[in-house]
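Chemist: sequence plus the predicted model coming up.
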Amino acid sequence: MTAFLSRPWTLALHASFWLVYGYLSVYQFQQEHPMTLLLWLGLVGSLLLDAALAYLNYFYLLPRFLRTRRRLEYFFFLAVPYAATVALRVLTDRTLFAPVISRKYLYSPGHTWTVAIGVLFIDGFVTMLYFAANWFVLEARAKALENENLTAELRYLKAQLNPHFLFNTLNNLYYLAHSRSERTPEVVATLAQMMRYMLEEANRPVVALSREIEYLTSYIQLEKLRLNSPIPITLTVAGQPNGLVVAPLIFMAFLENAFKHGVSTTSTTAWVHVHFDLTSSDCCYTVANSKLPVPAARVGPASTGLPNVRRRLALSYPDRHELRIEDLPTEYRIHLRLTL
């Protein structure tokens, strides 16, 4: 009962039904008979009897049946008040409508059947409203639960990604410190800036695309410092990222993969090119990198980060993304299109 009263749309639905049903009953009766006080009392009394049975079933019998699943018990406890309602309706009609309706009809089986079918219709329709209202409630709960589960999964996926990045960067920092590079303080400062972004902004559902591009730029800067060689590494942006937002760290796995499989301190032909195309309504992200001369068993764009990012794309951009990975003879290339 409390839940019923707390749902304005359910109250409005029930009120609308009774207003329409009452209006049609009065209108039909008024066309055939002059309305007197007794006739008004008869119509109102009939509606009240119908409503009493309908809401006895709505608030007590039907919920009890759904808990116990005892069909015979439910139909027995419904049949008794149903028969009583039909009997009271017939008695009311015979008492109040006798002056305007033929006694022969009022006392005929046809009239009794008409009343019985009418009461059954009212009760059946209110029962349908019960299932409709509960269906909408269950759908809302299912959606809320689904959203909670998706949010929890996204948090889990991002939690997997962040330690993965930190592990790689600490390896780079260890290498520079071990070689006593003068660039070690610069790496520490850049890493601190990136960690601040990950802690303060990357936990939000979306971030500014411009900040995400800055983050990728910082990562590329770290890689350049680590490599300490004139390897062509570029990041270009066509169009303006201002005002656009994107799921945080959604591009990072592809960039890490490019450096993992396409760049080496011993290769003089290595290269990495990153490009954002923001000139259309979509965000198009391309990462291309050279192939390293490694044994066949190690060749391939596979990475623990790629299944992770594929799942994040499916959750964050369902039916709003397209990912293509090209394995060419001399390079790897990924194309990611997002509808922001």
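Modeler: Cool, the structure landed. Keep in mind it's a predicted model, so treat the numbers as computed, not measured. Numbering: from 1, shown residues only.
Chemist: skip the chain neighbours and tell me the closest residue to Thr10.
Modeler: Spatial nearest neighbour of Thr10, excluding adjacent residues (C-beta to C-beta, 6 or more residues apart in numbering): Ala133 at 4.9 Å. C-beta here means a position set from N, CA and C on the backbone, and glycine is covered the same way.
Chemist: count of neighbours near that neighbour?
Modeler: Look at Ala133: counted by other C-beta atoms under 10 Å, it has 18 neighbours.
Chemist: test my guess that it contacts Leu11.
Modeler: No: judged on C-beta atoms under 8 Å, Ala133 makes no contact with Leu11 at a distance of 10.2 Å.
Chemist: pLDDT value on the residue nearest to Thr10, please?
Modeler: pLDDT, Ala133: 73.
Chemist: now do the helices in the stretch 101-250 of the chain.
Modeler: Remark: helices assigned in the stretch 101-250 of the chain by DSSP state H, counting those that start in this stretch are 103-106, 109-178, 184-200, 209-227.
Chemist: lowest-confidence stretch among those helices?
Modeler: helix 109-178 (a mean of 71).
Chemist: sticking with the nearest residue to Ala116 once chain neighbours are set aside, tell me its helix or strand.
Modeler: Spatial nearest neighbour of Ala116, chain neighbours left out: Val86 (4.9 Å); criterion: C-beta to C-beta, 6+ apart. Element membership for Val86, per DSSP states H and E: helix 71-96.
Chemist: report pLDDT for Leu255.
Modeler: The model reports Leu255 with a pLDDT of 90.
Chemist: what sits against it?
Modeler: 216, 219-220, 274, 287 (C-beta atoms under 8 Å, 6 or more residues apart in numbering).
Chemist: how about the residues you listed, which pair is most distant?
Modeler: The span of the contacts of Leu255, defined through C-beta to C-beta, is set by Tyr219 and Val287 at 12.0 Å.
Chemist: the more surrounded of these two?
Modeler: Taking other C-beta under 10 Å, Tyr219 and Val287 do not tie; Val287 has more neighbours (25 against 22).
Chemist: run a quick neighbour tally on the residue nearest to Ala177 when sequence neighbours are not counted.
Modeler: Spatial nearest neighbour of Ala177, chain neighbours left out: Thr184 (5.4 Å); criterion: C-beta to C-beta, 6+ apart. Look at Thr184: counted by other C-beta under 10 Å, it has 16 neighbours.
Chemist: how close does Ser179 sit to Leu173?
Modeler: Distance, Ser179 to Leu173, by C-beta to C-beta, to the nearest Å: 11 Å.
Chemist: ok, for Gln240, nearest residue in space, not its chain neighbours?
Modeler: Nearest non-adjacent residue to Gln240, counting by C-beta to C-beta, 6+ apart: Leu278, 6.4 Å away.
Chemist: please apply the same query to Thr286.
Modeler: Nearest non-adjacent residue to Thr286, counting by C-beta to C-beta, 6+ apart: His275, 4.6 Å away.
Chemist: in a helix, that neighbour, correct?
Modeler: No: per DSSP: H, G, I helix; E, B strand; the rest coil, His275 lies outside any helix segment and is strand.
Chemist: where are the low-confidence patches of the stretch 201-340 of the chain?
Modeler: Residue ranges of the stretch 201-340 of the chain with pLDDT under 70: 228, 265, 294-305.
Chemist: show residues contacting stretch 73-80.
Modeler: Outside stretch 73-80, the residues touching it (C-beta under 8 Å, 6+ apart) are 57, 61-62, 64-65, 68.
Chemist: what residues sit buried inside it?
Modeler: Buried positions in stretch 73-80, judged by neighbour count with 16 or more other C-beta atoms under 10 Å: 74, 77-78.
Chemist: coming back round to it: quick one: which of the contacts of stretch 73-80 is most hemmed in?
Modeler: Asn57 (23 neighbours).
Chemist: in contact with it, which residues are there?
Modeler: So Asn57 contacts 78, 123, 126-127 (C-beta under 8 Å, 6+ apart).
Chemist: from the residues you listed, which two are the most distant?
Modeler: Once C-beta to C-beta is applied, these give Leu78 and Val126 as the farthest pair, at 12.4 Å.
Chemist: thinking again about what came up before, just checking the distance from the helix holding Val86 to the centre of its chain.
Modeler: 45 Å (C-alpha atoms, centre = their mean, to the nearest Å).
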